[in-house]
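K.L.:
Turn this into a structure:
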Amino acid sequence: MQVDLWTDVACPWCYIGVSRFERALAQAGVDVALRIHPYQLDPEAPIPGVPAIDRYRRKFGDEAEAIVERVTSTARADGLDFDLERAITANTFDAHRAIAYAQRLGKGSELERSLYHAYFAEGLDVSDRNVLADRAASIGIDREQIAAYLDGDAGVDDVRRELMQAIEIGITGVPSFLFNGEFMVPGAVDEQSFVRILRQMQAMPGDRP
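P.N.:
Coordinates of the predicted model:
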C-alpha cells in the first residue's frame with residue numbers, strides 16, 4: 001500500500017497524528033510504502049527561531065494559553081512529551097530538505113520523528129543546520145555529508161516544487177494522509193480510525209505493498 005504524508009515538523013498535530021498512524025500500522029499489520037512530503041504552516045517563520053509561545057500569543061491573543069494546554073494535554077495522552085514553553089518557532093525549509101535527504105536513505109521517518117522531539121520536547125531550533133546535521137547523525141546518517149548538502153543548494157528546488165504541488169492538489173492543512181493516491185485523510189484522526197482505514201484499503205482489489 002502506498003501512503004503519501006504531508007507534514008511539518010513545527011506542527012503539533014502532525015507529531016500527534018504521525019505517532020497515531022505509526023501505532024496503527026503496528027496494530028493493523030499492513031505493509032506500507034510511505035512517502036513524506038513537505039508542507040510549511042508558517043513559511044515566513046524566522047531564521048534563527050524565536051520562542052514559540054511568543055508567536056502563539058501574538059497570533060491567538062488571550063486564547064493562546066488554553067490552546068497550548070489543550071494540545072499539550074492531547075500529546076501527553078498519546079505518550080508524547082511537549083514543552084511549548086521551551087519550543088523555538090523557526091523556518092522549517094531546511095528541515096524538509098534534511099528529511100528528503102534521509103528519505104532517500106530509507107531513514108525519512110526516523111529523522112522526522114527525531115526533529116519532532118527536538119522541536120517539541122528539547123527546545124532546539126530546527127532551522128539551525130547544525131541541529132539538523134546532529135539529528136541526522138544520531139540516526140546513522142553521515143554528518144559531514146548531510147552538513148555539506150544543507151550548506152549548499154541541493155534539494156532546494158525539489159522542496160519548493162513539492163510545496164507548490166501541495167497547494168495545487170488542495171492540501172490546506174497538515175497532517176494529511178493520502179492512501180493509494182485516492183483516499184485523503186486530513187488531520188490527526190484517532191488510532192483506531194487509522195487501523196480501520198489501513199485494513200479497508202488493504203482489502204481493496206488491486207492493492208499492493
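K.L.:
Now the lowest-mean-pLDDT helix or strand in the chain: buried residues?
P.N.:
When each helix and strand of the chain is scored by mean pLDDT, DSSP states H and E, helix 52-60 comes last, with a mean of 89. If you call a residue buried by 16 or more other CB atoms under 10 Å, then helix 52-60 has these buried ones: 52-53, 55-56. Quick note: C-beta positions are derived from backbone N, CA and C, even for glycine.
K.L.:
Between all of these, which two are at the greatest distance?
P.N.:
Pairwise distances among the buried residues of helix 52-60 were taken by CB to CB; the largest, 7.5 Å, belongs to 53 and 55.
K.L.:
on that earlier part again, and which of the buried residues of helix 52-60 is nearest residue 108?
P.N.:
The nearest member of these to residue 108, counting by CB to CB, is residue 52 at 24.1 Å.
K.L.:
give the contact list for the closest one.
P.N.:
Taking CB atoms under 8 Å, 6 or more residues apart in numbering, we find residue 52 in contact with 84, 87-89.
K.L.:
that older thread, can you redo the buried residues of helix 52-60 as a markdown table with distance to residue 162?
P.N.:
Converted to a markdown table, the buried residues of helix 52-60 look like this (distance: CB to CB, whole Å):
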| residue | distance to residue 162 |
| --- | --- |
| 52 | 25 |
| 53 | 30 |
| 55 | 25 |
| 56 | 27 |
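K.L.:
Out of those residues, which comes closest to residue 112?
P.N.:
Comparing these against residue 112 with CB to CB picks out residue 52 as the nearest, at 18.4 Å.
K.L.:
Tell me how far the closest one lies from residue 82.
P.N.:
11 Å (CB to CB, to the nearest Å).
K.L.:
what's the answer for residue 31, then?
P.N.:
Applying CB to CB, the value for residue 31 to residue 82 is 31 Å.
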